[in-house]
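A.B. asks: Sequence below, structure please.
(one chain, ligands or ions: 3)
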Amino acid sequence: MLKRNYNSRKRILVTGGAGFLGSHLCDRLLESGAEVLCVDNLFTGTKRNIEHLLGNPRFEFLRHDVTIPLYVEVDEIYNLACPASPIHYQHDPVQTTKTSVHGAINMLGLARRLKCPILQASTSEVYGDALVSPQAEGYWGNVNPIGVRSCYDEGKRCAETLFFDYNRQHGLPIKVVRIFNTYGPRMHPQDGRVVSNFIRQALYDEDITIYGDGSQTRSFCYVDELIDGMIRMMGTEENFTGPVNLGNPQECTVKQLAEMIVAQTGSRSQLVSRELPSDDPVQRRPDIALARAHLDWEPSVELSQGIARTIAYFEDLLGKKSRQMQS
Ligand code: NAD
Ligand code: UDP
Ligand code: UDP
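C.D. replies: Ligands and ions are numbered 1, 2, ... in the order given. Predicted coordinates:
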């Protein structure tokens with residue numbers, strides 16, 4: 001492996017490093033002794049997520065948009081820059097596609113010049129409204145190319161195409177992980193995602209908004225375990241490119257999640273039904289056989305445990321204490 005500086009430390013670029021997953025990844029890479037260059041335009045990320053790192057001499061933050069070329073010297077790249085929650089990625093859908101596609105081209109161009117490995121944070125959304133369950137990597141997906149979610153889904157699919165073409169055409173070492181719904185501390189409280197919405201609503205005793213009848217399923221992975229999977233993936237032998245699913249196969253309905261959060265917070269919130277957004281996948285659950293085999297990776301944090309930790313984070317952030325905690 002080429003070293004881009006004169007000491008023995010690896011210098012690692014994390015795009016989207018001030019976001020939810022990216023900031024945890026920066027933490028873990030710094031803990032492993034690496035130098036970290038965090039690149040983020042702070043669209044959905046925040047300096048608060050990385051403020052504890054700003055005094056670390058091995059950490060550097062660069063405010064930059066990945067749709068613009070970037071010339072830096074690093075040994076490895078994790079490409080996470082992209083808004084990830086539906087309300088954020090639908091806010092400026094053209095910019096979302098540009099971030100995925102132009103961002104991937106620029107980061108792949110950078111990796112190509114540096115001849116360094118690059119990992120793409122892809123998503124279970126490449127499977128769309130899946131017609132098979134659980135979803136294995138060989139499933140090609142059921143994605144609407146012109147719907148309101150398409151800027152994200154198709155942007156991420158095109159990014160995967162670019163990664164594999166840079167690999168085939170230029171011999172670039174690539175790694176692609178398909179991340180399933182992940183939750184935990186540092187989720188954005190206003191990102192509209194189900195875990196953050198329900199916890200925020202429960203802590204304020206507001207109605208819990210169930211879209212549709214709440215029978216749709218998701219499989220939620222605790223953030224620490226997800227990050228561990230990403231780092232393991234980067235460490236695999238060069239010819240293992242993925243794509244590999246990373247997620248917790250424990251599936252639950254949206255209604256079950258709401259009931260768990262109400263019970264854990266001791267909230268007076270009522271569950272209310274709201275219109276189901278279009279193209280909302282009915283069922284999502286990862287087949288993680290490939291991750292088990294190649295990464296020796298398997299999540300073990302129970303949803304109830306992880307939700308308790310996430311509630312504690314939101315209580316701190318929002319200055320709220322749940323009734324159960326007070327009593
Ligand atoms: P996030 O919104 O918290 O983080 C994304 C980060 O990218 C933010 O800090 C944002 O400011 C930054 N960003 C957005 N556009 C940018 C641009 N043009 N240039 C530079 N920075 C930009 O979301 P997250 O949940 O941490 O997701 C991180 C990555 O993981 C994303 O690529 C997302 O698609 C992927 N992913 C996340 C999940 C999940 O459940 N959290 C699931 C599947 C895939
Ligand atoms: N690029 C970059 N940093 C680099 C090298 C390239 O941002 O260190 C960008 C550059 O803008 C280019 C893109 O990556 O348009 C793709 O680069 P590549 O060399 O693959 O193809 P090019 O478009 O230069 O033929
Ligand atoms: N959802 C819900 N109420 C909310 C937010 C989301 O019922 O307040 C549902 C949403 O319709 C979807 C699931 O929860 O079926 C997960 O939504 P999220 O936006 O977290 O992730 P994604 O749809 O991208 O998996």
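A.B. asks: neighbours around Leu318, how many?
C.D. replies: 13 (other CB atoms under 10 Å). C-beta: built from backbone N, CA, C; applies to glycine.
A.B. asks: residues in contact with it?
C.D. replies: 189, 200, 203-204 (CB atoms under 8 Å, 6 or more residues apart in numbering).
A.B. asks: out of those residues, which one sits closest to ligand 1?
C.D. replies: Set against ligand 1, the nearest of the contacts of Leu318 by CB to the nearest ligand atom is Pro189 (11.5 Å).
A.B. asks: Tell me the secondary structure of that closest one, please.
C.D. replies: Applying DSSP: H, G, I helix; E, B strand; the rest coil to Pro189 yields a three-state assignment of coil.
A.B. asks: What is the burial count for the closest residue to His102 other than its chain neighbours?
C.D. replies: Nearest in space to His102, with sequence neighbours left out and distances taken as CB to CB, 6 or more residues apart in numbering, is Thr67 at 4.2 Å. Neighbourhood size, Thr67 [other CB under 10 Å]: 17.
A.B. asks: for the one 4 residues further on, same thing?
C.D. replies: As a burial measure, Tyr71 scores 8 neighbours (other CB under 10 Å).
A.B. asks: same check, this time on Glu259
C.D. replies: Glu259 has 16 nearby residues by other CB under 10 Å.
A.B. asks: contacting residues for it?
C.D. replies: Leu271.
A.B. asks: check contacts around the residue in the stretch 201-327 of the chain positioned nearest to ligand 2.
C.D. replies: Ligand 2 sits closest to Thr241 of the stretch 201-327 of the chain, with a gap of 17.4 Å, by CB to the nearest ligand atom. Contact partners of Thr241, counting by CB under 8 Å, 6+ apart, are 163-164, 167, 174-176.
A.B. asks: what's the spacing between the residue nearest to His102 and ligand 1?
C.D. replies: Look at Thr67 and ligand 1: by CB to the nearest ligand atom, to the nearest Å, they are 5 Å apart.
A.B. asks: Please apply the same query to Tyr89.
C.D. replies: Taken as CB to the nearest ligand atom, the span from Tyr89 to ligand 1 is 8 Å.
A.B. asks: Neighbours of the closest residue to ligand 3 within the stretch 201-327 of the chain, how many?
C.D. replies: Residue nearest to ligand 3 within the stretch 201-327 of the chain: Tyr211 (3.5 Å; CB to the nearest ligand atom). If you count neighbours by other CB under 10 Å, Tyr211 ends up with 15.
A.B. asks: List the residues that contact the spatially closest residue to it that is not a sequence neighbour.
C.D. replies: The shortest distance from Tyr211 to any non-neighbouring residue, by CB to CB, 6+ apart, is to Leu276 (4.8 Å). For Leu276, the contact set (CB under 8 Å, 6+ apart) comprises 211-212, 216.
A.B. asks: Look at Leu276 and give its secondary structure.
C.D. replies: Per three-state DSSP, Leu276 ends up coil.
A.B. asks: Could you list the contact residues of the stretch 151-300 of the chain toward ligand 1?
C.D. replies: 179, 181-182, 188 (CB under 6 Å from any ligand atom).
A.B. asks: Among those, which one has the most neighbours?
C.D. replies: Thr182 leads these on contacts (other CB under 10 Å) with 27 neighbours.
A.B. asks: Find the residue closest to Met230 in space, skipping its chain neighbours.
C.D. replies: Using CB to CB, 6+ apart, the nearest residue to Met230 is Val177, at 5.8 Å.
A.B. asks: Doesn't the one you found belong to a strand?
C.D. replies: Yes. Looking at Val177 with three-state DSSP, it is inside a strand.
A.B. asks: What are the contacting residues of stretch 279-288?
C.D. replies: 124-125, 127-130, 133-137, 144, 147-149, 178, 180-181, 211-212, 216-219, 245-249, 251, 297-298.
A.B. asks: Now that stretch: buried residues?
C.D. replies: 279, 281, 283-288 (16 or more other CB atoms under 10 Å).
A.B. asks: Redo those residues as CSV? Include secondary structure.
C.D. replies: Rendered in CSV, the data for these read as follows (three-state DSSP):
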residue, secondary structure
Asp279, coil
Pro281, coil
Gln283, coil
Arg284, coil
Arg285, coil
Pro286, strand
Asp287, coil
Ile288, coil
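A.B. asks: May I ask which two of the residues you listed are separated the most?
C.D. replies: Within these, two members stand farthest from each other by CB to CB: Asp279 and Ile288, at 24.6 Å.
A.B. asks: Going by residue numbers, what spans are helices in this structure?
C.D. replies: 20-31, 86-89, 93-114, 150-170, 194-203, 223-234, 254-265, 289-295, 303-318, 323-326 (DSSP state H).
A.B. asks: ok, which residues in this structure are in contact with ligand 2?
C.D. replies: 69-71, 105-106, 108-110, 112-113.
A.B. asks: 8 Å instead?
C.D. replies: By CB under 8 Å from any ligand atom, the part of the chain that sits against ligand 2 consists of 68-72, 105-110, 112-114, 166, 170.
A.B. asks: Show the buried residues in those residues.
C.D. replies: Buried among the residues of the chain next to ligand 2 (16+ other CB under 10 Å): 70, 105-110, 114, 166.
A.B. asks: Please consider this matter closed, and thank you.
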